[in-house]
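Colleague: Any chance you could fold what I've pasted below:
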Amino acid sequence: MRALPNVDLVTANVHDDAALAALLQGVDAVVNLVAILHGSPAAFEQVHVALPRRLAAACQVAGVKRLVHVSALGVALGAGREAPSHYLRSKTQGEAVLATAGLGLTVLRPSVIFGAHDRFLNLFATLQAFAPVMPLAGGAARFQPVWVGDVAQAVVQALATPASAGQTYECAGPQVYTLSDIVRLAGRWAGHERAQIALPLWAGRLQAAALALLPGEPLMSADNLDSMSVPNVATGTLPGLAALGIRPSALEDLAPAYLAATHRPTELDRYRARRY
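Modeller: Numbering: from 1, shown residues only. Here you go, the predicted model:
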């Protein structure tokens, strides 16, 4: 089977329908990982709704029958009502677009994904390396972090399992954590755990607005806070990783090693500077 690498979708001119259809020629399956966490309502609609719609049309033109689409866990709880964030609304709409496209569709809904180069645990570890305390909004928000290797294996297993077409799988780790738990553990494993200051929602929105003024991709947005009002955990009403033959890896078994390797040298350099 020849599957289309996701990087080709990113680097190709995906705004050109003819170019997109040409890219799919001779392809047996497509894996769509394209997503954003931050942006305007128009940007979320473009990436999470319009692109899947155009991708489905291009698959039909090229004769591609098989698509694995990586969505998000919060969609499960936001689909039956008006989801609270642009991110979740657009993810829900994107799934709906693909569900009616007549493709052999497998949907994977992961919780927050962690791994050696993630922008989640590493972000909290880095912030605690420099901040004396951690002001934190949404600390009670619930997540079920899943290892990137398990999600990658889920994609492979879905493509190799014809019966997975038409199915939706919840990709989640073995344990549920609050955001406060995750921040504390990231700091501890990186060698610089800080005290947390719980922020009320209104203060969190002010913090997000201030962060949005900084150059580059924002660390936190008001839309992220809205998304966190929906638990990012498996519902248990859909098959999970076990149904694909995958035993999910625990956060505690993997994250301490890569956070220590990445962040502890910085802490040691500080001590050396004081010593000499």
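Colleague: and the longest strand for the protein?
Modeller: strand 104-110 (DSSP state E).
Colleague: same for it, what does it pack against?
Modeller: The contact analysis (3 or more Cβ pairs under 8 Å, 6 or more residues apart in numbering; DSSP states H and E) places strand 104-110 against strand 66-70, helix 86-99, helix 148-160, strand 168-171. Where C-beta positions appear, they are placed from N, C-alpha and C, glycine not excepted.
Colleague: Show me the contact partners of the helix or strand just after that strand.
Modeller: Next helix or strand after strand 104-110 toward the C-terminus (DSSP states H and E): strand 113-114. The contact list for strand 113-114 (Cβ atoms under 8 Å, 6 or more residues apart in numbering) reads 120, 121, 145, 146, 147, 148, 151, 251, 254, 255.
Colleague: Low-confidence bits of the stretch 1-150 of the chain, can you list those?
Modeller: Applying pLDDT under 70 to the stretch 1-150 of the chain flags the ranges 1-15, 76-81.
Colleague: can you do 50?
Modeller: For the stretch 1-150 of the chain, the stretches flagged by pLDDT under 50 are 6-12, 79-80.
Colleague: what ranges do the helices span in it?
Modeller: For the stretch 1-150 of the chain, helices defined by DSSP state H, counting those that start in this stretch occupy the ranges 6-11, 17-23, 41-45, 51-62, 74-78, 86-99, 121-130, 148-160.
Colleague: looking at these, which is closest to residue 33?
Modeller: helix 6-11 (4.4 Å; Cβ to Cβ).
Colleague: who touches the residue minimising distance to the centre of the chain in this structure?
Modeller: Nearest to the geometric centre of the chain sits residue 112, at 5.0 Å (Cα atoms, centre = their mean). Applying Cβ under 8 Å, 6+ apart, one finds that residue 112 lies in contact with 120, 143, 145, 146, 232.
Colleague: Same question for residue 232.
Modeller: Residue 232 neighbours (Cβ under 8 Å, 6+ apart): 72, 73, 74, 111, 112, 141, 142, 143, 144.
Colleague: redo that, cut-off 10 Å
Modeller: 72-74, 76-77, 88, 109-112, 141-145, 172, 176, 179 (Cβ atoms under 10 Å, 6 or more residues apart in numbering).
Colleague: Where does the prediction get shaky in the stretch 151-276 of the chain?
Modeller: Looking along the stretch 151-276 of the chain with the criterion set at pLDDT under 50, you get 267-268, 271-273, 275-276.
Colleague: Now do the strands in the stretch 101-250 of the chain.
Modeller: Secondary structure of the stretch 101-250 of the chain (DSSP state E, counting those that start in this stretch): strands located at 104-110, 113-114, 133-137, 142-143, 146-147, 168-171, 177-178, 195-199.
Colleague: Could you export these as JSON lines, including mean neighbour count and distance to residue 208?
Modeller: Formatted as JSON lines, the strands of the stretch 101-250 of the chain follow (neighbours: other Cβ atoms under 10 Å; distance: least, Cβ to Cβ, whole Å):
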{"stretch": "strand 104-110", "mean neighbour count": "23", "distance to residue 208": "23"}
{"stretch": "strand 113-114", "mean neighbour count": "22", "distance to residue 208": "22"}
{"stretch": "strand 133-137", "mean neighbour count": "17", "distance to residue 208": "8"}
{"stretch": "strand 142-143", "mean neighbour count": "20", "distance to residue 208": "18"}
{"stretch": "strand 146-147", "mean neighbour count": "26", "distance to residue 208": "25"}
{"stretch": "strand 168-171", "mean neighbour count": "23", "distance to residue 208": "27"}
{"stretch": "strand 177-178", "mean neighbour count": "17", "distance to residue 208": "19"}
{"stretch": "strand 195-199", "mean neighbour count": "14", "distance to residue 208": "10"}
